[in-house]
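**Q** Coordinates for the following, if possible.
(one chain, ligands or ions: 1)
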Amino acid sequence: MEKPKTKSAVPAAARSNLRDAAKRKAKTPARRTRYTWAEISEIFRRFHVQRAEPQGELEHVNAFTLLVAVVLSAQATDAGVNKATRALFAIADTPQKMLALGEAKVGEHIKTIGLWRNKAKNVIALSQALIRDHGGEVPGDRDELVKLPGVGRKTANVVLNMAFGQPTMAVDTHILRIGNRIGLAPGKTPDEVEDILVRIIPDEYMRHAHHWLILHGRYVCKARKPDCPACVIADICKAAEKTTSLPAPLIPIEPLEEAPA
Ligand code: SF4
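**A** Numbers count the residues shown, from 1 in each chain. Now for the predicted structure:
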């Protein structure tokens, strides 16, 4: 016998609320963050006011040169990498051209950067892998990116964020420090901090959150001595070592005012 068709016992409006509740639950801040939703949202709103379109500071002309620059930036400053890559990218901005240049000449260009011998090897090996496995294109997929020589999760996240506009969180030394210092995302490893941040940062701020946190760490919440009087979130911050609770005026910052790290 055919089962009678019954209407759901839950009215449509209630079902909608249940769906919303489920969504909220899925987005509930990880237990370890010390901030409420309202505080987290306000922190990123202020970062957005300061820098509506933050840019990375590694110079590049396409996804391939971005990938190479990020690989070279491990344990090096962006300014140091830019100095070395300007001439290199002028003559080799594709995997094919990089391969044709060869490891020795790549090494010549980058020998002012730490670990340059190993990095030159990786640049050539990743150019070969891109040509062999991806038709010379940089893949917009984390699993594929981390298979490339010299490319780890952090590098893949930077490339996915900057070249493909994906809402990833590449946890570098600045973000690891801020996450722990202010209790936004305490974690022993970059992966732990990344895991918390991607869950707590509101979707509308996720695209630029990585750059906002890096710039905040580089110029304000600095490693040795945080510059709390210059900090726009000083009133919200829960760091034990903050020196003021008076936030700095919230005004847009021109990119040119930023000095290279
Ligand atoms: S108030 Fe000080 S410790 Fe807190 S985020 Fe700002 S600079 Fe960092």
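**Q** Hmm, residue 51 is touching residue 254, no?
**A** No - with contact taken as CB atoms under 8 Å, residue 51 and residue 254 are classed as non-touching, separated by 9.4 Å. All C-beta spots, glycine's among them, are computed from the backbone N, C-alpha and C.
**Q** what residue ranges in the chain score low on pLDDT?
**A** Applying pLDDT under 70 to the chain flags the ranges 1-31, 255-261.
**Q** Comparing residue 51 and residue 254, which residue is more hemmed in?
**A** residue 51 (18 against 7; other CB atoms under 10 Å).
**Q** so how far is the ligand from the more buried one?
**A** Distance check for residue 51 against the ligand: by CB to the nearest ligand atom, to the nearest Å, it reads 16 Å.
**Q** Could you do residue 108 as well?
**A** Per CB to the nearest ligand atom, residue 108 is found 41 Å from the ligand.
**Q** Check residue 191 too.
**A** Summarising the geometry, the distance separating residue 191 from the ligand, computed by CB to the nearest ligand atom, is 22 Å.
**Q** buried sites along stretch 188-205?
**A** Neighbour-count burial for stretch 188-205 flags 190, 192-198, 200-201, 205 (criterion: 16 or more other CB atoms under 10 Å).
**Q** Redo these as JSON lines? Include distance to residue 94 and secondary structure.
**A** Putting these into JSON lines (distance: CB to CB, whole Å; DSSP: H, G, I helix; E, B strand; the rest coil) gives the following:
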{"residue": "190", "distance to residue 94": "30", "secondary structure": "helix"}
{"residue": "192", "distance to residue 94": "37", "secondary structure": "helix"}
{"residue": "193", "distance to residue 94": "34", "secondary structure": "helix"}
{"residue": "194", "distance to residue 94": "31", "secondary structure": "helix"}
{"residue": "195", "distance to residue 94": "35", "secondary structure": "helix"}
{"residue": "196", "distance to residue 94": "38", "secondary structure": "helix"}
{"residue": "197", "distance to residue 94": "33", "secondary structure": "helix"}
{"residue": "198", "distance to residue 94": "32", "secondary structure": "helix"}
{"residue": "200", "distance to residue 94": "39", "secondary structure": "helix"}
{"residue": "201", "distance to residue 94": "34", "secondary structure": "coil"}
{"residue": "205", "distance to residue 94": "34", "secondary structure": "helix"}
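**Q** Now distance to residue 97 too, for these, in JSON lines please.
**A** As requested, these are exported to JSON lines (distance: CB to CB, whole Å):
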{"residue": "190", "distance to residue 97": "32"}
{"residue": "192", "distance to residue 97": "39"}
{"residue": "193", "distance to residue 97": "37"}
{"residue": "194", "distance to residue 97": "33"}
{"residue": "195", "distance to residue 97": "38"}
{"residue": "196", "distance to residue 97": "41"}
{"residue": "197", "distance to residue 97": "36"}
{"residue": "198", "distance to residue 97": "35"}
{"residue": "200", "distance to residue 97": "42"}
{"residue": "201", "distance to residue 97": "38"}
{"residue": "205", "distance to residue 97": "37"}
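**Q** Within range of the ligand, give me the residues from this structure.
**A** The chain comes close to the ligand at residues 181-182, 220-221, 226-228, 231, 233-234, 237, 239, 242, as judged by CB under 6 Å from any ligand atom.
**Q** Could you rerun that using 8 Å?
**A** Within the chain, the positions lying close to the ligand (CB under 8 Å from any ligand atom) are 178, 181-182, 216, 220-222, 226-228, 230-234, 237-239, 241-245.
**Q** separation between the residue in the stretch 51-200 of the chain that the ligand sits nearest to and residue 54?
**A** For the stretch 51-200 of the chain and the ligand, the shortest gap (CB to the nearest ligand atom) falls at residue 182, measuring 4.9 Å. Relative to residue 54, residue 182 is positioned 19 Å away (criterion: CB to CB, to the nearest Å).
**Q** Which parts of the stretch 101-250 of the chain are strands?
**A** Read by DSSP state E, counting those that start in this stretch, the stretch 101-250 of the chain holds no strands at all.
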